[in-house]
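A.B. asks: Model the following, please.
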Amino acid sequence: MPTNTLEMLRITFESDGFTFHDYGFVESIVEHRRKIYQQINGTLEGIEKLSSPDDKKRTGEYFFFFEAGMKHGVSYYLKKDDMSNIGNRAHEETHALHDAGRLDILEGRLRNFGVFIGVSGFKPFSDCTAFEQELAANIGKIYALFINGINPLSGNFLDDPYNHPAKIVFEDALNNIHPW
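C.D. replies: The predicted structure is shown next:
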């Protein structure tokens with residue numbers, strides 16, 4: 001049974017049908033995606049399905065594929081400042097945790113941290129909307145920043161439309177307002 005380590009979340013878990021591959025920091029999200037796609041498929045034919053107008057804005061990426069009866073989660077990131085590096089890695093790691101069906105581990109860690117956010121109530125990763133996937137991943141990002149000694153709720157780090165919903169959920173949980 002594969003053991004999966006999510007460094008920024010400080011979570012290690014075993015899973016029968018899932019394994020996580022963290023490729024770390026890369027020079028280019030698009031070029032690394034091409035490299036992995038070529039390794040998996042033996043060709044670049046069809047890679048345009050994975051392209052998006054947001055590719056130039058991406059600081060990390062998570063995707064999965066199936067091989068030999070196993071689901072493989074893959075992530076990689078661009079190197080930025082320390083706060084962004086922790087946040088981006090934790091965000092993608094949370095996608096992997098969600099995809100493995102183990103958000104219950106994050107929920108337990110959040111409770112140990114003193115907040116109740118019912119992330120284990122999210123639908124399976126592939127059944128979630130993009131908003132739900134990103135909300136869960138950004139909750140994981142905020143948690144990881146806190147456990148790494150950074151308070152992301154102070155200042156304007158999370159005030160953009162992409163991160164703000166998770167910031168509100170986390171703030172409500174810290175104030176004992178339970179959204180779920």
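A.B. asks: Need the CA coordinates for stretch 29-40. CSV is fine.
C.D. replies: This file holds the C-alpha atoms of stretch 29-40, laid out as CSV (Å, rounded to 0.1, in the frame of the first residue of the first chain):
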residue,chain,number,x,y,z
ILE,A,29,4.1,24.9,-15.4
VAL,A,30,3.2,24.5,-19.1
GLU,A,31,6.5,22.9,-20.0
HIS,A,32,6.4,20.5,-17.1
ARG,A,33,2.8,19.5,-17.9
ARG,A,34,4.0,18.7,-21.4
LYS,A,35,6.8,16.6,-20.1
ILE,A,36,4.5,14.6,-17.7
TYR,A,37,1.8,14.2,-20.4
GLN,A,38,4.4,12.9,-22.9
GLN,A,39,5.7,10.4,-20.2
ILE,A,40,2.2,9.2,-19.5
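A.B. asks: So for it, what gets flagged as buried?
C.D. replies: For stretch 29-40, the buried set under the neighbour-count rule, 16 or more other CB atoms under 10 Å, comprises 29-30, 32-33, 36-37. The C-beta positions use only the backbone N, C-alpha and C, and glycine is treated the same way.
A.B. asks: And those, which is closest to residue 90?
C.D. replies: Nearest to residue 90 among the buried residues of stretch 29-40, counting by CB to CB, is residue 29 at 16.9 Å.
A.B. asks: Double-check that closest one against residue 58; I have them as touching.
C.D. replies: Yes. With contact defined as CB atoms under 8 Å, residue 29 and residue 58 form a contacting pair (4.7 Å).
A.B. asks: Report the set of residues contacting both of the two.
C.D. replies: residue 78 (CB atoms under 8 Å, 6 or more residues apart in numbering).
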